[in-house]
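Q: Please find the sequence and the predicted model below.
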Amino acid sequence: MIEVIGLTKYYGRFAAVKDVNFQVKAGEIVGFLGPNGAGKTTTMRILTCFTPASSGSVRVSGIDIAHDSMAVRRKIGYLPENVPLYNWMRVRGYLEFVTRAKGVPSSNRNQEIERVSKVVGIEDVQGKMIRWLSKGYRQRLGLAQALIGDPEIIILDEPTIGLDPRQIKEIRNLIKSFALNKTVILSSHILPEVSQICSRVIIINKGSIVAEDSPENLISGSGRTSRIQVSLRAPEHEATNLVQILRGVSSVKVLDPLQDGCSTFSVEAEKNLDVRPILARAIVEKEWELLELRSIDVSLEDVFLDLITEETIESRAEDNTTMGKEVA
Amino acid sequence: MHGLVAIFRKEMANFFVSPVAYAVIAIFLIIVGFFFWANVSLLSVISLQAANNPMFAERINLTDVVIRPLVQNMSIILLFLIPLLTMRLFSEEKKSGTIELLLTYPVNDFGIVMGKFLATLSVLLVMMACTLSFLLIMAPLGSFDMGVFISSYLGIILMGSSFIAMGVFISSMTENQIIAGASSFGAALMFWMISWTSSFTGPTAGTIIRQVSILERLDSFLKGILVVSDVSFFVFFSAVFLFLTFRSIETQRWRG
């Protein structure tokens, strides 16, 4: 459906996106994940034909966006990050404008507006000025304009940003509901959102793709799958040494330093190997008091942080210099 | 084409839903109405004085005393008001971010630029149509040259479209409406005043300056003459700025 090959975009000398390659199959829901300024918005802006790439090519259903941008634009519905709408218009008038701009035949216009309004649930605010809509309704209207003309591909840039938890849930369900017969690309920096909605995640940092897989695979494929938190009453140094030499344990980290002779460690072990029984036995043999022993699931968040951490300090400095540019 | 129509209708709605168009049209009509009244009053005073001078009386007519000065005044008022109509056309969309959506709809840049240009031109036409009521008032006062009237109006509309095209272009370059408005006004004024310098800039430069001066170009229309070069000057002037707008949108795409 969408093929991106060697996509690069420079803003002056700053490379917002560097040699990005990925593919999206029809019917997939793909999540773009990355810190602010990672290149998510830039990538989306290229896909939606808002801005041309410096190099590389994008094909949508086999059509190169550089060659026939009009044909591609007809296939794509886009919702930019801050939901830009004409505040002085009424909802109905705005939807009429969008149907006209997207070239919906005049005989189908009312039908199309009603269909889309029903999907996103804005039937009861048709006569309202957009200026007076709540944030949640603005977001719905934004989704509505993307859905008008029934495009095959929906691109959503941070669709739930700035909403309250209930609205986030509603918008998420909406996306899931219309995603059944559409290809959806959405960007986010909210990790649970991506793991809930998306069938595939592309993690992007500093303009390059750092990982690409299903949320489950990303979690299980991560190098540090099994993690155990253990609290015990023992001399800290001795305890660390003991745990470290156990079979399967790769590293030990002190979480809470000694308090009333009690300390908490985070133990990381090889995946597919439960070290809890060995650990428990070793502690008991030493006659230390075991207070807590539990395994901790690795979340997408950990994977994400893992993948981008090595560059964080560097990129933070860069973020500060490019903050004014608002390129994400 | 569907895009052009969509943009045109949206811009018309923006002009007439918000009080912008009404305010500009009302102010235009008040000022023009004042000049019309002043000119007609002047005509009646001169006519009284000329009553005992048949030679002079023959040369007094509505065309020279009312229509020509009126149209000249209109052109100056439009010079002030048109930037107010054009300044938000692109700047507002850029500031609010709506341009991002507009540029991803299946509408070509030509449709966007022309839609906005034609909508503003329509406001100008509405404005000028309102002044046709002067014809009804003048009709019982005496005879006047209808040809001069028509060609003057045509000249004003052509000049107006040049200012609109220039305003659209300037608006496409900034997201600040005040800057767009002030620059459009300044640029229009420059094209207007430039002929004043022709008397002391030497023969070659003087000729060139007179060629680009809007003031000089309007003269032939006010005399009731349609000169091909003057008509095409305004058409070309508009076309150049619309083309520049088109390119300006394209460069903004590149800059993202």
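A: Arrived safely, thanks for sending. This one's a predicted model, so the numbers in the text were calculated from it and none came from an experiment. Residues are numbered from 1 along each chain as shown, chains lettered A, B, ... in the order given.
Q: measure the residue of the stretch 51-200 of chain B found nearest chain A to residue B:117 for me?
A: Chain A sits closest to residue B:97 of the stretch 51-200 of chain B, with a gap of 3.6 Å, by CB to the nearest CB. For glycine as for every other residue, the C-beta is placed from the backbone atoms N, C-alpha and C. Computed with CB to CB, to the nearest Å, the distance linking residue B:97 and residue B:117 is 22 Å.
Q: Could you check which of the two is surrounded by more residues?
A: residue B:117 (26 against 16; other CB atoms under 10 Å in any protein chain shown).
Q: Assign the more buried one to helix, strand or coil.
A: With DSSP: H, G, I helix; E, B strand; the rest coil as the basis, residue B:117 sits in helix.
Q: per-residue pLDDT, it?
A: Predicted confidence (pLDDT) for residue B:117: 97.
Q: With adjacent residues omitted, what lies nearest to it?
A: Spatial nearest neighbour of residue B:117, chain neighbours left out: residue B:168 (5.4 Å); criterion: CB to CB, 6 or more residues apart in numbering or on different chains.
Q: helices and strands around whichever strand or helix holds the one you found, which ones?
A: Residue B:168 is part of helix B:146-171 when elements are defined by DSSP states H and E. Applying 3 or more CB pairs under 8 Å, 6 or more residues apart in numbering or on different chains; DSSP states H and E, we find helix B:146-171 packed against helix B:68-86, helix B:88-96, helix B:109-130, helix B:177-193, helix B:214-222, helix B:228-255.
Q: follow-up on the earlier one: just checking, the residue nearest to residue B:117 touches residue B:114?
A: No - judged on CB atoms under 8 Å, residue B:168 makes no contact with residue B:114 at a distance of 9.6 Å.
Q: per-stretch mean pLDDT over the helices and strands packed on helix B:146-171, give me the minimum one.
A: helix B:214-222 (a mean of 86).
Q: who touches that one?
A: With CB atoms under 8 Å, 6 or more residues apart in numbering or on different chains as the test, helix B:214-222 has contacts from B:68, B:71-72, B:75, B:148, B:151-152, B:154-156, B:158-159, B:162, B:188, B:191-193, B:195, B:210, B:226-227, B:230, B:233-234.
Q: rerun that using 7 Å as the cut-off
A: In this structure, residues lying in contact with helix B:214-222 by CB atoms under 7 Å, 6 or more residues apart in numbering or on different chains are B:68, B:71-72, B:75, B:151-152, B:154-155, B:159, B:162, B:191-192, B:195, B:210, B:227, B:230, B:233-234.
Q: Just give the number of residues close to residue 76.
A: Here I'm looking at chain A. 25.
Q: Not quite, go with chain B.
A: Quick note: residue B:76 (other CB under 10 Å) scores 14 neighbours.
Q: for residue B:45, same thing?
A: 9.
Q: Which strand or helix spans it?
A: Assigned by DSSP H and E, residue B:45 falls in helix B:20-49.
Q: Average pLDDT for that helix, rounded please.
A: 91.
Q: Next: stretch A:285-299.
A: On average, stretch A:285-299 scores 77.
Q: Could you give the average pLDDT over stretch A:130-146?
A: 92.
Q: residue contacts, residue 72?
A: If you meant another chain, say so; for now it's chain A. Residues in contact with residue A:72, defined by CB under 7 Å, 6+ apart, are A:49, A:60, A:63, A:65.
Q: hm, I was asking about chain B
A: So residue B:72 contacts residue B:222 (CB under 7 Å, 6+ apart).
Q: Next: residue A:117.
A: Taking CB under 7 Å, 6+ apart, one finds A:123, A:126, A:144 in contact with residue A:117.
Q: In chain A, which residue sits furthest out from the middle?
A: Distance from the centre of chain A peaks at residue A:287, with 46.9 Å (CA atoms, centre = their mean).
Q: Just give the nearest non-adjacent residue to the residue most central in space within chain B, would you?
A: Residue closest to the average C-alpha location in chain B (CA atoms, centre = their mean): residue B:160, at 1.8 Å. Excluding the flanking residues, the one nearest residue B:160 by CB to CB, 6+ apart is residue B:124, at 4.6 Å.
Q: gap between the helix holding residue B:45 and the chain center?
A: 18 Å (CA atoms, centre = their mean, to the nearest Å).
Q: does any bit of it sit next to chain A?
A: No - figure legend: helix B:20-49 not in contact with chain A (CB under 7 Å from any CB of the partner chain); closest approach 10.0 Å.
Q: Do you know the pLDDT at residue A:110?
A: 93.
Q: Tell me the buried residues in the helix or strand harbouring it?
A: Here residue A:110 is covered by helix A:109-120, with elements defined by DSSP H and E. Neighbour counts over helix A:109-120 (16 or more other CB atoms under 10 Å in any protein chain shown) mark A:109, A:112, A:113, A:116, A:117, A:120 as buried.
Q: where does the residue of the stretch 151-300 of chain A found nearest chain B land on pLDDT?
A: Ranked by CB to the nearest CB, the top residue of the stretch 151-300 of chain A for proximity to chain B is residue A:155, at 8.9 Å. Residue A:155 is assigned a pLDDT of 93 by the prediction.
Q: and it, that's in a strand?
A: Yes - under three-state DSSP, residue A:155 falls within a strand.
Q: Spell out which residues sit in contact with it, please.
A: Residue A:155 neighbours (CB under 7 Å, 6+ apart): A:44, A:47, A:48, A:76, A:78, A:185.
Q: Among those residues, name the ones in strands.
A: A:76, A:78, A:185 (DSSP state E).
Q: Tell me which residues touch the first one, please.
A: Contacts were defined as CB under 7 Å, 6+ apart; by that measure residue A:76 touches A:48, A:151, A:153, A:155.
Q: And the helices in the stretch 101-250 of chain A, which stretches?
A: Shown for the stretch 101-250 of chain A, the helices assigned by DSSP state H, counting those that start in this stretch span residues A:109-120, A:135-147, A:165-178, A:191-197, A:215-221, A:236-244.
Q: so what secondary structure elements neighbour the longest one?
A: With contacts defined as 3 or more CB pairs under 7 Å, 6 or more residues apart in numbering or on different chains; DSSP states H and E, helix A:165-178 has these neighbours: helix A:135-147, helix A:191-197.
Q: Please compute how far the longest one lies from its chain's middle.
A: The chain centre lies 19 Å from the centre of helix A:135-147; the measure is CA atoms, centre = their mean.
Q: tell me the angle that helix makes with helix A:165-178.
A: 20 degrees (axes from the mean of the first three to the mean of the last three CA atoms, to 10 degrees).
Q: picking that back up, quick check, nearest of the contacts of residue A:72 to residue A:244?
A: Nearest to residue A:244, judged by CB to CB, of these is residue A:60 at 52.8 Å.
Q: for the closest one, what are its contacts?
A: A:2, A:72, A:75, A:153.
Q: next one: phi and psi at it?
A: When read as degrees, to the nearest 10, the backbone of residue A:60 gives phi -120, psi 120.
Q: What of residue A:11?
A: Torsion angles, degrees, to the nearest 10, at residue A:11: phi -110, psi 100.
Q: Count residues in the vicinity of it, would you?
A: So residue A:11, with other CB under 10 Å, has 17 neighbours.
Q: pretty sure residue A:81 is touching residue A:158, no?
A: Yes - counting by CB atoms under 7 Å, residue A:158 is a contact partner of residue A:81 at 4.8 Å.
Q: Overlap in contacts, these two.
A: Joint contacts of residue A:81 and residue A:158 (CB under 7 Å, 6+ apart) do not exist.
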